[in-house]
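**Student:** Quick one, what's the 3D model for this:
(one chain, ligands or ions: 1)
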Amino acid sequence: MSRRHWLIAALTLLTVTTLPATLPATPATAAPQEGPGANYAVDDAFTADRTQWWRDDRFGMFIHFGAYSNLEGEYTRPDGTVCRNAEWIQRECQIPKEDYERIAADFDPAGFDADAIAQAAADAGQKYVVITSKHHEGYAMWPTEVNDWNLRDHSSFDPTRDILAELKAATEKRGIKLGFYYSIWDWHDPDFPDPATFPRYEQRMYAQLKELVDNYDPAVLWFDGEWSTDRPNNPWTDRDGERLEAYVRSLSPDIVINNRVGKRRVVDGDTGTPEQEIPDAPVAGQLWESCMTLNGSWGFARWDTNWKSPTELTRNLAGIAGRSGNYLLNVGPDATGRIPAESVSRLRTMGDWLRTNGRAVYGAHAPGIVAEPAWGAVSRRGDRLYASVYDWPATGGSLRLDALAPFQVTGARVLGSDQRVDARRDGDVVTITPSGGPTSDIATVVELTVRTARPAGAARGTGLSASFWPNATFTGDPTVTRTDPGVNYNWKYTGSPDPAIPAEPFSSVWTGQVEAPFTETYTFTTVSDDTVRLWVDGRLVIDNTTPHGPTVDQGTIALRAGHRHAIRLEQTEQGGEASMKLIWSSPNIAQEVVPAARLYRA
Ligand code: H79
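**Tutor:** Numbers count the residues shown, from 1 in each chain. This next block holds a predicted model:
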């Protein structure tokens, strides 16, 4: 047996009496190993081919659909009073288990039309769909073999139909990716709440996830319900998350996984998950996606008419793209499986706007070289800036952008308009003066063509000199010395820099030079656990030596184009989890793990 398989077998015996026979005979190349020497950072999610589609697509459809949908947000109690909620209705309205099972048995979403849903997503300009395969109620929306609490075996629905398979075919036909939401928290499985029986639940969860991956090949797994809570008690730990993330990657290495696979931290999964909110600036250390509702509810609620306006929704999308995020916008089909008309019409309006202005969103990211204006949002794609203008200036008026780097403006136009646009730079101010009216009340997009500095330097580095000690104090001779192509480690509980270094304690030092491509101010971002210090040009740029869990720290320093600046990074692992990433960004560089070509050995 290979080392990897031996370890997995041992882990299986120790923690989950019988894992489903799921692990591939040949481990996928990107799958992490277990134990000392393992690194769970399979790639740099900011630049990896694996995440490219996700970073470019920007706009997805979330679908909340489950047994709760059959109540359409209202539960009438035996005494005739009505209790309102949506997907949390079982718990929030304290519906007795037998009653809820009866409601599910009556569920018949015969009107579920995967083609109509996928077409609504396509018309909206949404490039991926994430549907609840199982919400907190524990009810599986596909014909799982793991239990009977599912849409085929416990409903009034046509047992020959499989809505996830239907949606897979309908999305695929339209070039839309499909992913699955899966709740770890489970209100129905009796083994869930007790830590003593939890491993039996976990085994069933692994088996269900394998079904989902094997049968539908999802592009995304969107976990939820990872937090500590009661009614029922949730025993999920960060160590469970470490194992689950490795398990999913062993099933299929390219799946994009959200951070609720673990404990919603920067080191968990690939993507951060702000819910019902939009971060007020680009997010450090992780890709991110805001999930939001079209009204105030995830599941269908017939009483919820609190619909957001198409203007608000579209501006949210433009603003999110300008901060390098994704927008996962929710629809909740009703008891028959149909998406409300109010949702479809809003999505269509967004799609209409995107047909003219999609360049401001798809493949676009935070501009870096200009500050975010008060009058709208700005994104960048290559040598183009896209200014989504919410408040169009009156005739003769102009818009102002504050430049953060030395670039020239060489052209300007309004998307969907022939009008002449004057754009000039004077010092650090770019003034844009349109000559006509707006193209849209939602947002009118001005495209600026810019000429930025060319990257300087040889970019022939191979990485930094690395040393690792089997103690947390850099004491004695290092056990391992080598060249590391970058610092991109997520060792979690069981991994370490090398098989010869224990999972705890250890300490690490990277030294050498960093070659700057542009003359500007660089922001260095570290994701570390337990301590970190970073010096650049002999200056202490990041200093967090209080032992901590996974933490993002930042420091800035001005560097000179083509110049090699001394760099030294230290990390210690005193116990528990460990991580160390070295990321940089600047006006001209989008956030990324500092690449090997810009790093030189000591
Ligand atoms: O699936 C959707 C939500 O059901 C789930 N995550 C998104 C994607 C979610 N879990 N927790 N929360 C959202 C936030 C918790 C809200 C609560 Fe409540 C406030 C739980 C109890 C009070 C909202 C209001 C749910 C029930 C009443």
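
**Student:** Skipping adjacent residues, who's closest to whatever residue of the stretch 451-600 of the chain ends up closest to the ligand in space?
**Tutor:** Relative to the ligand, the nearest point of the stretch 451-600 of the chain is residue 550 (21.7 Å; Cβ to the nearest ligand atom). To be clear about C-beta, it is placed using only N, CA and C from the backbone, and glycine gets the same treatment. Of all residues not flanking residue 550 in the chain, residue 267 sits nearest, at 4.2 Å (Cβ to Cβ, 6 or more residues apart in numbering).

**Student:** give me the number of residues near residue 43?
**Tutor:** Residue 43 has 15 neighbouring residues, counting by other Cβ atoms under 10 Å.

**Student:** After the worst-scoring helix or strand of the chain on mean pLDDT, which helix or strand is next?
**Tutor:** When each helix and strand of the chain is scored by mean pLDDT, DSSP states H and E, helix 3-15 comes last, with a mean of 38. The C-terminal neighbour of helix 3-15 among helices and strands, as given by DSSP states H and E, is helix 49-57.

**Student:** Assign a three-state SS to the closest residue to residue 189 other than its chain neighbours, would you?
**Tutor:** In this structure, residue 189 finds its nearest non-sequential neighbour in residue 201, 5.1 Å apart by Cβ to Cβ, 6+ apart. Using DSSP: H, G, I helix; E, B strand; the rest coil, the structure places residue 201 in helix.

**Student:** quick one: contacts for residue 201?
**Tutor:** Contacts for residue 201 (Cβ atoms under 8 Å, 6 or more residues apart in numbering) come out as 186, 189, 191, 192.

**Student:** quick one, what contacts the closest residue to the ligand within the stretch 351-500 of the chain?
**Tutor:** Using Cβ to the nearest ligand atom, the single residue of the stretch 351-500 of the chain nearest to the ligand is residue 361, 22.0 Å away. Counting by Cβ under 8 Å, 6+ apart, residue 361 touches 58, 59, 125, 317, 318, 321, 354, 379.

**Student:** re the thing from before, burial check on the residue of the stretch 451-600 of the chain closest to the ligand, number of neighbours?
**Tutor:** 22.

**Student:** ok, now residue 471?
**Tutor:** Other residues within reach of residue 471, judged by other Cβ under 10 Å, total 16.

**Student:** Verify the stated contact: it with residue 504.
**Tutor:** No - Residue 471 is beyond contact range of residue 504, at 10.1 Å (criterion: Cβ atoms under 8 Å).

**Student:** Can I take it that residue 132 is in a strand?
**Tutor:** Yes - the assignment for residue 132 (three-state DSSP) places it in a strand.

**Student:** ok, so what distance separates the closest residue to it other than its chain neighbours from residue 133?
**Tutor:** Nearest residue to residue 132, sequence neighbours excluded (Cβ to Cβ, 6+ apart): residue 181, at 4.4 Å. Applying Cβ to Cβ, to the nearest Å, the value for residue 181 to residue 133 is 6 Å.

**Student:** Check residue 586 too.
**Tutor:** Distance, residue 586 to residue 133, using Cβ to Cβ: 41 Å.

**Student:** hang on, the earlier thing: surely the residue of the stretch 451-600 of the chain closest to the ligand touches residue 579?
**Tutor:** Yes - using Cβ under 8 Å, residue 550 makes contact with residue 579 at a distance of 5.7 Å.

**Student:** what do those two both touch?
**Tutor:** Shared contacts of residue 550 and residue 579, defined by Cβ under 8 Å, 6+ apart, are found at 267, 527, 528, 529.

**Student:** Sort out for me which of those residues are in strands.
**Tutor:** 527, 528, 529 (DSSP state E).

**Student:** Look at the closest residue to the first one other than its chain neighbours and tell me its secondary structure.
**Tutor:** Yep, that's residue 527 we're talking about. If the residues on either side of it in the chain are set aside, residue 527 comes closest to residue 581, at 4.1 Å by Cβ to Cβ, 6+ apart. Under three-state DSSP, residue 581 falls in the strand class.

**Student:** How about the contacts made by residue 581?
**Tutor:** The contact partners of residue 581, taken as Cβ under 8 Å, 6+ apart, are 41, 285, 487, 488, 489, 490, 525, 526, 527, 528, 593.

**Student:** Residue ranges of each domain in this protein, please.
**Tutor:** Domain ranges of the chain: 52-360, 376-451, 464-601, per automatic domain parsing.

**Student:** okay, those domains in JSON lines with mean pLDDT next?
**Tutor:** Below are these laid out as JSON lines (pLDDT from 0 to 100):
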{"stretch": "domain 52-360", "mean pLDDT": "98"}
{"stretch": "domain 376-451", "mean pLDDT": "97"}
{"stretch": "domain 464-601", "mean pLDDT": "98"}
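
**Student:** TSV please, covering the ones you listed and showing distance to residue 37.
**Tutor:** Shown next, in TSV, are the domains of the chain (distance: least, Cβ to Cβ, whole Å):
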stretch	distance to residue 37
domain 52-360	14
domain 376-451	39
domain 464-601	4
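
**Student:** Minimum distance to residue 36: which of the ones you listed has it?
**Tutor:** Residue 36 sits nearest to domain 464-601 of all the domains of the chain, at 4.4 Å, using Cβ to Cβ.

**Student:** what's the span of that closest one from first residue to last?
**Tutor:** End-to-end distance of domain 464-601 (Cα to Cα, to the nearest Å): 4 Å.

**Student:** just stretch 422-436 next, same as before
**Tutor:** 11 Å.

**Student:** who touches that stretch?
**Tutor:** Contact with stretch 422-436 is made by 370, 387, 392-393, 396-404, 407-409, 411-412, 414, 417, 419-421, 446, 448, as judged by Cβ under 8 Å, 6+ apart.

**Student:** Can I have the buried ones of those residues as a PyMOL selection?
**Tutor:** In PyMOL, this line selects whichever of these come out buried by 16 or more other Cβ atoms under 10 Å:
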select buried, resi 370+387+392+399+401+403+404+407+409+412+414+417+421+446+448
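
**Student:** Many thanks, have a good one.
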